[in-house]
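S.K.: With the input below, show me the fold.
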Amino acid sequence: MNCCSNIVRTVSSTKKVKEVYIRLKGTPITAGKMKEIENSDGEIKIFAGGKTVINAREKDIPKANITRVPAVLVQSRGIIDVVYYEKPFTFKNEMWAYTTDNKTSVKYLYYVLKNNIQQFRDAASGRGSLPQISLPVTEEFLIPVPPLEVQREIVRILDNFTELTAELTARKQQYEYYRECILKNDCSVGEVKIGDVCDVMTGGEPPKDCIKGEISDADHPYAVWGNGKDIYGYSSSYRVDKDAVVISSIGANTGAVYFRKAYFTPIIRLKVLIPKTDRLNMRYLYHALSATKIESKSSSVPNMNAGEIKRLSIPFPSIQAQEKIVEVLDNFDAICSDLNIGLPAEIEARKKQYEFYRDKLLTFDIASTTIARQTDGLIRLFQYVFGIAIVRLDSIFDIKGGYTPSKSNKAYWENGTIPWFRMEDIRENGRVLNNAIQKINKSAVKKETFEENSIIIATSATIGEHALITVPFVCNQRFTCLTLKKTFRDILDMKYMFYHCFILDEWCKQNVNEGNFASVDMKRLGAYLFAIPSIQEQQHIVSTLDRFDALCNDISSGLPAEIEARQKQYEYYRDKLLTFREKAV
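M.R.: Numbers count the residues shown, from 1 in each chain. Model (predicted):
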């Protein structure tokens, strides 16, 4: 039997977004007014939909409804999306935003909405015009509402995942750099205008015989095609029966370039480039235009006409040189973009694992499980009957405060052999520590050292940090030391407790005594409740999270190793490219 199968898990309630979060309104403002008040030194961002974002001074914003708390912005027109932002901002009043009263996590809402963004895009109205969603689409949307601690843990995990995707972004930027070098500096024999080598066709409204929904090219070879995917059923007109390059020509996505294989029908927002010479490789054209800044000259809503596109210029080497360039850049593109290979596949796999363990690990149903205290036998009984036992922190841990030996007694600080831990140790050396930057003399120790395999957790000053100490030690007064009582040492794995302390860190931040110097309420800390599953389940959780840690942080394994391998691939392709360039000169 799976060791997780008998554990009681949290069943989240489900509520409408409007029942949980506070909706915020935007600012009435025109595109002309935005151009007038734009100021790069302005302290307020104004989101206008799509990729349009400006800075402005607060005094220049008309009828400003400025959001000064973390919030999730719903971009409701053009590019349907959500944005999480923490600094002061406002937005055009055709959009809306959500914040909270701190009983729920705003960033948790962002991740939930972002995960369901395709559902909102599918609900948008407008086929030939800009897509738009109405307020009820998000207001009535049902979301799971787990306990706040669980929401924060989910956010922490997904934030870590976001950091991993930054590595992919860096690889894409590297790809774009090499692509530009290849296209603009290598193998060129002059330039050519698009209109000289391509016919430019404007897409049309989807015909009446189109049926919205998922389609298959095998069943309907002339699918209606939008920005990057087939969006409607088959069509009987506007057919393109050759491989083509497609440019988005209207709206916030203007200038985006796509490659589309033969047999499709373009929607009205697209311009289709069809070759009229066999001296042009269409994959080459796709890469060349992807490296070209394509902008509309329109002063209002971006709207590129066929003439503007025909006047665009690209490098135009021989067909043989084009084919070689396509081979190199397609390999780069696959590494960066193909979900079946390379870093995206690795990140996608990690994402699925994160989502699974987010739901399965460390989210026990504390409210419905009887509390077991004091004796190891009673805890074992509860583990057997319920799968977990819920205990008070002070029932199974000795809780002691750290201290700083007198600085006036030099003997305490000379010939030190006892590790004395401070926040600097965590910042510089991580969260599992066997040595300290500074040591004290044995004579400075009060009674005895804290035992090895204890946890220190910051309960004043920089609250919400912790570490597992694997040697006998002392720590300063900013830390509280948790030492497991001997009678419980065979039923609690301290590495499990170490991982649970990421949740306890957040609890500490929310349970602070107000005064001249912030500190955690120690009485409430002692009464803190947490779940202890069976020792086998604890070890399973520790093993899983240790692997996550290795994947995310260990330079010898996981994604960093994968990234290093990709870098070697880039170097290989770079060398091949340089060799090719020398031959072509």
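S.K.: so what's the residue lying closest to K446 once chain neighbours are set aside up against?
M.R.: Distances taken as Cβ to Cβ, 6 or more residues apart in numbering place Y403 nearest to K446, at 6.5 Å, with adjacent residues excluded. Where C-beta positions appear, they are placed from N, C-alpha and C, glycine not excepted. Applying Cβ atoms under 8 Å, 6 or more residues apart in numbering, we find Y403 in contact with 446, 474, 476-477.
S.K.: Distance check, Y403 against K447.
M.R.: Distance, Y403 to K447, using Cβ to Cβ, to the nearest Å: 11 Å.
S.K.: repeat for F47
M.R.: Computed with Cβ to Cβ, the distance linking F47 and K447 is 59 Å.
S.K.: These two: which has the busier surroundings?
M.R.: When F47 and K447 are compared on other Cβ atoms under 10 Å, the one with more neighbours turns out to be F47, at 21 against 4.
S.K.: Kindly state the pLDDT recorded for the more buried one?
M.R.: What the model reports for F47 is a pLDDT of 91.
S.K.: quick one: contacts for it?
M.R.: Taking Cβ under 8 Å, 6+ apart as the test, what F47 contacts is 53, 73, 75, 83, 85, 89-92, 95.
S.K.: now do E191
M.R.: By Cβ under 8 Å, 6+ apart, the contact set of E191 is 313-316.
S.K.: Unless I'm misreading it, Y412 sits right up against S406, doesn't it?
M.R.: Yes - Y412 lies in contact with S406 (Cβ atoms under 8 Å); the separation is 6.3 Å.
S.K.: Mutual contacts of these two, please.
M.R.: When contacts are counted by Cβ under 8 Å, 6+ apart, Y412 and S406 have A444 as shared neighbours.
S.K.: Neighbour count for these two, which is higher?
M.R.: Y412 (18 against 11).
S.K.: OK, contacts around the more buried one?
M.R.: Under the criterion of Cβ under 8 Å, 6+ apart, the contact partners of Y412 comprise 405-406, 440-441, 443-444.
S.K.: Which residues does the helix or strand harbouring W420 contact?
M.R.: Assessed by DSSP states H and E, W420 sits inside strand 418-421. Residues from elsewhere that reach strand 418-421 (Cβ under 8 Å, 6+ apart): 402, 405, 433, 435-436, 438-442, 444-445, 449, 456, 467, 469, 471-476, 479.
S.K.: can you rerun that using 7 Å?
M.R.: In this structure, residues lying in contact with strand 418-421 by Cβ atoms under 7 Å, 6 or more residues apart in numbering are 433, 435-436, 438-440, 442, 445, 449, 456, 469, 471, 473-476, 479.
S.K.: Note down every partner strand of it and its orientation.
M.R.: strand 438-440 (antiparallel), strand 474-475 (parallel) (DSSP bridges).
S.K.: Kindly state the domain boundaries assigned to the chain.
M.R.: The domain map for the chain lists 13-145, 148-189+318-352+554-585, 192-316, 361-539, with the assignment taken from automatic domain parsing.
S.K.: need these in JSON lines with distance to D546, can you?
M.R.: What follows is the domains of the chain, written out as JSON lines (distance: least, Cβ to Cβ, whole Å):
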{"stretch": "domain 13-145", "distance to D546": "24"}
{"stretch": "domain 148-189+318-352+554-585", "distance to D546": "10"}
{"stretch": "domain 192-316", "distance to D546": "39"}
{"stretch": "domain 361-539", "distance to D546": "8"}
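S.K.: For R547, find the nearest of these.
M.R.: Evaluated over the domains of the chain, closeness to R547 peaks at domain 148-189+318-352+554-585, with 8.5 Å, by Cβ to Cβ.
S.K.: I'd like to know the average pLDDT value across the closest one.
M.R.: Computed over domain 148-189+318-352+554-585, the average pLDDT equals 61.
S.K.: Make sure I456 is indeed in a strand.
M.R.: Yes - under DSSP: H, G, I helix; E, B strand; the rest coil, I456 sits within a strand.
S.K.: Can you tell me the closest non-neighbouring residue to it?
M.R.: Distance criterion Cβ to Cβ, 6+ apart; nearest residue to I456, sequence neighbours excluded, is F479 at 4.1 Å.
S.K.: neighbours around the one you found, how many?
M.R.: Summarising burial for F479: neighbours were counted as other Cβ under 10 Å, giving 29.
S.K.: One more: S248?
M.R.: Look at S248: counted by other Cβ under 10 Å, it has 22 neighbours.
S.K.: Would you confirm that it contacts R269?
M.R.: Yes - with contact defined as Cβ atoms under 7 Å, S248 counts as touching R269 (6.0 Å).
S.K.: And the next helix or strand past the strand holding W420?
M.R.: Later in the chain than strand 418-421, the nearest helix or strand by DSSP H and E is helix 423-429.
S.K.: Tell me how confident the model is about that next one, as a mean pLDDT.
M.R.: Helix 423-429 comes out at a mean pLDDT of 91.
S.K.: residues of it that come out buried?
M.R.: When burial is assessed from 16 or more other Cβ atoms under 10 Å, helix 423-429 yields the following buried residues: 423, 425-426.
S.K.: ok, and what's touching that helix?
M.R.: With Cβ under 7 Å, 6+ apart, helix 423-429 has contacts from 433, 436-437, 458, 462, 465, 467, 478.
S.K.: Could you rerun that using 8 Å?
M.R.: Residues outside helix 423-429 that contact it (Cβ under 8 Å, 6+ apart): 433, 435-437, 458, 461-462, 465-467, 478.
S.K.: Give the partner strands of the next helix or strand after that helix in its sheet and their orientations.
M.R.: Downstream of helix 423-429, the first helix or strand assigned by DSSP H and E is strand 432-433. The strands that strand 432-433 pairs with in its sheet are strand 466-469 (parallel) (by DSSP bridges).
S.K.: Could you list the buried residues of the partner strand?
M.R.: Buried residues in strand 466-469, counting neighbours by 16+ other Cβ under 10 Å, are found at 466-469.
S.K.: Please enumerate the strands of the stretch 251-400 of the chain.
M.R.: Applying DSSP state E, counting those that start in this stretch to the stretch 251-400 of the chain gives strands spanning 257-260, 264-266, 270-275, 313-315, 388-392, 397-401.
S.K.: List the buried residues in the fourth one.
M.R.: In terms of neighbour count (16+ other Cβ under 10 Å), strand 313-315 has its buried residues at 314-315.
S.K.: What's the mean pLDDT across that strand?
M.R.: Per-residue pLDDT values over strand 313-315 give a mean of 86.
S.K.: The second one now?
M.R.: Here the mean pLDDT over strand 264-266 is 80, rounded to a whole number.
S.K.: Which other helices and strands does that strand contact?
M.R.: For strand 264-266, the contact count by 3 or more Cβ pairs under 8 Å, 6 or more residues apart in numbering; DSSP states H and E identifies strand 223-225 as packing neighbours.
S.K.: Phi first, then psi, for I535.
M.R.: Phi and psi for I535, reported as degrees, to the nearest 10, are phi -60, psi -30.
S.K.: That should have said H500, apologies.
M.R.: Dihedral angles phi and psi of H500 (degrees, to the nearest 10) take the values phi -60, psi -30.
S.K.: Name the nearest residue to it, ignoring sequence neighbours.
M.R.: What sits nearest to H500 in space, not counting adjacent residues and going by Cβ to Cβ, 6+ apart, is F530, at 5.9 Å.
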